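In: The sequence and its predicted three-dimensional model are supplied below.
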Amino acid sequence: MENSGNRDLGMDRPIRRRDFLNGIALTAGAALSLPARAGFETEHVPESSPDYYPPVLTGMRGSHEGAFEVAHQVRDGDFWKQAGTPIDTGETYDLVVVGGGISGLSAAHFFRKAAGAKARILILDNHDDFGGHAKRNEFHQAGRMLLGYGGTFSIESPAPYSSVAQDLLRELGIDVQALQPVMNRKLYRSLGLHAAVFFDKETFGADRLVIEPRHSVDDGAGESEAPADPWKDFMESAPLAETAKHDILRIYETRTDYFPGLSSAEKKAKLARISYARFLTEIAGLDLQVVAYFQSRPHPLFGLGIDAVSAQDAWGLGLPGFDGMKLDPGPGPGMNRDCIPNAEAEKYFFHFPDGNASIARLLVRKLIPHAIPGRSLKDLPVARARYARLDAAHSPVGIRLNSTAVAVRHEGDPQTAHQVEILYVKSGKLYRVRGKQSVLACWNMVIPYICPELPAKQREALASEAKVPIVYTNVALRNWTAWKKLGISSTYAPGSYHTHVNLDLPVSLGSYRSARKPEEPIVVHMMRTPCKPGLISYEQHRAGRLELFKTPFETFERNIRDQLARSLGGGGFDPARDIAAITVNRWPHGYAYEYNSLFDKFWLEGGELPCVIARQPFGRLAIANADAGAYAYTDGAIDQAWRAIQELTGSHSSAGSAKS
Ligand SMILES: Cc1cc2nc3c(=O)[nH]c(=O)nc-3n(C[C@H](O)[C@H](O)[C@H](O)COP(=O)(O)OP(=O)(O)OC[C@H]3O[C@@H](n4cnc5c(N)ncnc54)[C@H](O)[C@@H]3O)c2cc1C
C-alpha cells in the first residue's frame, strides 16, 4: 500500500488534538486568584477556573509544553541569571513534597499518618495535573465518556507488593482479587479476535498484517483467540525469507539445551551477559531476519529492543528459545527483584479504566476529600476532579500544580537548621515557601540542580539516572468494526513508529461502561519507545529523550494515521473518518532506569548501587520517587515514599516493610 496523502489520512480533519497544546493555554484568559493561603495572593492561578480540567486535553500531553522549560533553564544554568527576588508566600508547612506523582502523594499520606491529620503539607508539581506518570486521559465521544491511561497502566509487578504497598491499596479500598470480575479480559477472545503482527514495507519489504502464531507477551488488551492452525497464515503471508520463517518456528519449538553441562545458575549467569539478539544468532544460529522480527518485543517493559536486553531477561519475559534449557523458575543474577512466574503475577494484576491514575485520584481523595467527589471505587471512574479545591486555604493539605521547584535548601547548617526553604516558579513568577521538612519525590536527575548542597558523591549518583523515554498514545475511534472484520484485537508492529497497538482492555466499573460492540466508540492504545539500537542502554535512552523533545505533534499525528491506515485498511479503516481524537502522552523522562546486566557491571558483580547512594537523607530532606529504588513500578514508588517518611519522622514501625 502506498503512503497515503494528507487528505486521505485526515490531517485536515477538525478532530480534538492540537487545539489545546497545554493546560496553561486552556485557561490563559481565565486566570483567577486562589483563596489566599496565609497572607499571599497569587495573580495567575489557572486551576481556580471552573473550566480547568486537564484530563480532557488532547494533542501533546505527558510532558506537555509549559511543564519542563523552567527545569531545563535551571539545568542549563540560565535560570538564576534572570530569576529576580522571590515573592515570599509567608507559608510554612510541616512538610513540603516536590513531585505530585504516586510517590509524592503516598509520602504525604504516610506523613499524615505519622504526624496527624492536622499536619500542614504542600505538594508541588510542574505538570498541569497530579499523578505524575499515572495520568488520566478522558475523551467524550457520541455522548459517552471514554477513559484511557496516559501513563501507568495497571497494578502489576514482577514481585508481589510489599506489605506497605499492600496496606496502602487496602486503605484506598482496592482489593485486587475482588475486582477481577470488572475486567472483561475475555471479550476479544469471545468475538474471535486474534493478536496480529504488522510487517511494514520499510523494514520487511511489504505491508502485511498476519495473525501472530504464538502470542507469548501480554500486550495489555486482554486475551485473544488462539489461531486454530497457528503457523498457517504466518508461513503463507509473512514477508520474511523462508529460512527466517522456519527459524522462528524452530525457536518456538526448540527443546535444545544450548549450554549443556552447566547448572541452571551457571546458565543464567551466561544468559545475563549476552543480548537476546546475539543469543538468537550466535547461540541458536538463526537467520538475521529473526532479530528484526523480535527486535521490538521487549519495548513495553524495557524501553529497549533485543539488542540491549539480556537473554536472561528475554527468558523472564516469555520470549522463546529456553524451553530445553531447564532453567529454575526463580530469578537469576541481575534480574529485577524477586520475580515470580508470569502466571502467578496475573493474580496481582488489575487495570482501572484510567490506569493507576485511579490510585493517584484515591490518594488525593484521602488527602483532600472534597477535591475528588464520591466515596467508593464505583463512583471513581466518572468522578470529575475539582481542581480549584486542590490548593484551598482551609485545607491542611494542598497540591499546587504548574509549579516547578527550582531550589530546595536548608536555612542555615543542614545539621542544625529548623527548616528548609523551597523556591518554585508558577506562571512565570518565583515564589518562596518554607517547610519544616521536605521530601524530594521528583526525578533523581533533577535533584542535584535544585539541591546543590547535597554531598558531591550523592549528587553524582542522582545525576546518573537515565530515565526511559516512552510514548503512550491514545486514539479515540468512532468504532472498531475494521478490527472485527480483520479478526484482530492488537498488533505487534516491529518496524513501525508505534510498535504495540491494542484495543483498550475492557473494564466496566460503577456507571462507567467500556465498549463491548464493534459499533461503539473505543480508545486504541499505541506505544512507542524511541530507542537507538547499537548504543548501550542509557545512551539509547538519552538519544531517544532528545528525539521526543524535538518531535512536533504533527509528526506523531501523521505517523499514527499512516500506521493505522496501512495496518487496518484491509478491514475498511479510514483514518479521516474513524479517528475522533488523539492524545500523545510523551514521556521523555519515563520509567525509572532499571539496571541492565549487559551494561551495568556492578549489577552482577556487587558493590554499592547508585540508587542507594542517591537516596540518602540529608538534614531535613529525604528522597522518595521510583528512581530511588531503580524500580519502575507503582509499588516501588510507594515503598520509596514510605522509607523517606520513616527517615524524616524517625518512626520504626514493625507493622510494615517495604522492598528496598
Ligand atoms: C508510560 C509509563 C507506564 C507505566 N506503567 C506502569 C504500570 O503499568 N504499572 C506499574 O506498576 N508501573 C508503571 N509505570 C511506572 C510507574 O508509573 C512509576 O514507577 C510511578 O508512577 C512513579 O511514581 P513517582 O511518583 O516516583 O514518579 P512520577 O510519577 O514521575 O512523579 C514525579 C513527579 O515529580 C515531578 N517533578 C519533577 N521535577 C520537579 C520539580 N523540579 N518541581 C516540581 N515537580 C517536579 C514530575 O514532573 C512528576 O510529575 C509506568 C511508567 C510510565 C512512564
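Out: Thanks, I have it. Values in this document were obtained by computation on a predicted structure and should not be read as measured data.
In: How about the contacts made by Pro373?
Out: Residues near Pro373 by CB atoms under 8 Å, 6 or more residues apart in numbering: Asp379, Ala383, Arg384, Arg386. Backbone N, C-alpha and C define where each C-beta goes, glycine included.
In: I'd assumed Pro369 was in contact with the last one.
Out: Put plainly, it is Arg386. No - using CB atoms under 8 Å, Arg386 is not in contact with Pro369, being 10.7 Å away.
In: Asn559: what's it in contact with?
Out: With CB under 8 Å, 6+ apart, Asn559 has these contacts: Tyr497, His498.
In: Please identify the helix or strand for Gly148.
Out: Assigned by DSSP states H and E, Gly148 belongs to strand 144-149.
In: how many neighbours does the residue of the stretch 351-500 of the chain found nearest the ligand have?
Out: Residue of the stretch 351-500 of the chain nearest the ligand, by CB to the nearest ligand atom: Cys442 (3.3 Å). Neighbourhood size, Cys442 [other CB atoms under 10 Å]: 30.
In: my guess is Glu138 meets Met145, correct?
Out: Yes - contact criterion CB under 8 Å: Glu138 and Met145 qualify, at 6.5 Å.
In: picking up where we left off before, look at Arg386 and Pro369 and report which has more neighbours.
Out: Set Arg386 next to Pro369 and count neighbours by other CB under 10 Å: Arg386 wins out with 17 against 14.
In: Can you tell me the SS state at Gln458?
Out: helix (DSSP: H, G, I helix; E, B strand; the rest coil).
In: and what of the one 3 residues further on?
Out: The three-state label given to Ala461 by three-state DSSP is helix.
In: about what we covered before: just the buried ones out of the contacts of Pro373, please.
Out: Ala383, Arg386 (16 or more other CB atoms under 10 Å).
In: any residues in contact with both of Glu138 and Met145?
Out: Counting by CB under 8 Å, 6+ apart, Glu138 and Met145 have no contacts in common.
In: Give the residue from those two that has the larger number of neighbours.
Out: Shown here are Glu138 and Met145; by other CB under 10 Å, Glu138 has more neighbours (25 against 16).
In: Contact partners for that one?
Out: Contacts for Glu138 (CB under 8 Å, 6+ apart) come out as Pro55, Val56, Met145, Leu146, Leu147, Gly148, Asp354.
In: any idea how far the ligand is from the fourth one?
Out: Pointing back at Leu146 there. 19 Å (CB to the nearest ligand atom, to the nearest Å).
In: my guess is that residue meets His140, correct?
Out: Yes - counting by CB under 8 Å, His140 is a contact partner of Leu146 at 7.3 Å.
In: More neighbours: those two, which one.
Out: Shown here are Leu146 and His140; by other CB under 10 Å, Leu146 has more neighbours (24 against 14).
In: what's around the closest residue to that one other than its chain neighbours, how many residues?
Out: Closest residue to Leu146 apart from its sequence neighbours, by CB to CB, 6 or more residues apart in numbering: Phe139 at 4.2 Å. Around Phe139 there are 24 other residues, counting by other CB under 10 Å.
In: One more: Pro452?
Out: Pro452: 12 surrounding residues under other CB under 10 Å.
In: for the stretch 201-350 of the chain, what are the low-confidence residue spans?
Out: Scanning the stretch 201-350 of the chain with the threshold set as pLDDT under 70 gives 215-220, 336-345.
In: quick one, helices of it?
Out: 201-204, 232-237, 242-253, 264-271, 276-278, 288-294, 299-302, 311-317, 342-345 (DSSP state H, counting those that start in this stretch).
In: any residues touching the fifth one, and which ones?
Out: Same thing as helix 276-278. So helix 276-278 is contacted by 291, 294-295, 298, 305-307, 309-311, 313-314, 319 (CB under 8 Å, 6+ apart).
In: Likewise for the longest one?
Out: Helix 242-253 is touched from outside by 213-214, 231, 234-235, 238, 240, 280, 284, 286-290, 293, 320-321, with contacts defined as CB under 8 Å, 6+ apart.
In: and the contacts of helix 276-278, which two are the farthest apart?
Out: Val291 and Asp313 (15.8 Å; CB to CB).
In: Between the two, point out the one with more neighbours.
Out: Remark: of Val291 and Asp313, Asp313 carries more neighbours, 28 against 21, as counted by other CB under 10 Å.
In: how about the more buried one, what does it touch?
Out: So Asp313 contacts Ala272, Tyr276, Pro298, Phe302, Met335, Ser597 (CB under 8 Å, 6+ apart).
In: ditto for Pro452
Out: Residues in contact with Pro452 (CB under 8 Å, 6+ apart) are Arg459.
In: hmm, back to that, the helices of the stretch 201-350 of the chain into TSV, with extra columns for distance to the ligand?
Out: Conversion of the helices of the stretch 201-350 of the chain to TSV gives the following (distance: least, CB to the nearest ligand atom, whole Å):
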stretch	distance to the ligand
helix 201-204	24
helix 232-237	29
helix 242-253	27
helix 264-271	25
helix 276-278	22
helix 288-294	22
helix 299-302	9
helix 311-317	15
helix 342-345	11
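In: Mean neighbour count, those: which tops it?
Out: Highest mean neighbour count of those: helix 311-317, a mean of 25 (counted as mean count of other CB atoms under 10 Å).
In: Could you export that one as PDB, CA atoms only?
Out: Provided in PDB are the C-alpha atoms of helix 311-317 (Å, rounded to 0.1, in the frame of the first residue of the first chain):
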ATOM      1  CA  ALA A 311      18.800 -13.300  27.000                       C
ATOM      2  CA  GLN A 312      18.000 -14.000  30.700                       C
ATOM      3  CA  ASP A 313      15.500 -11.100  30.700                       C
ATOM      4  CA  ALA A 314      14.100 -12.300  27.400                       C
ATOM      5  CA  TRP A 315      13.500 -15.700  29.100                       C
ATOM      6  CA  GLY A 316      11.800 -13.800  32.000                       C
ATOM      7  CA  LEU A 317       9.600 -12.000  29.500                       C
END
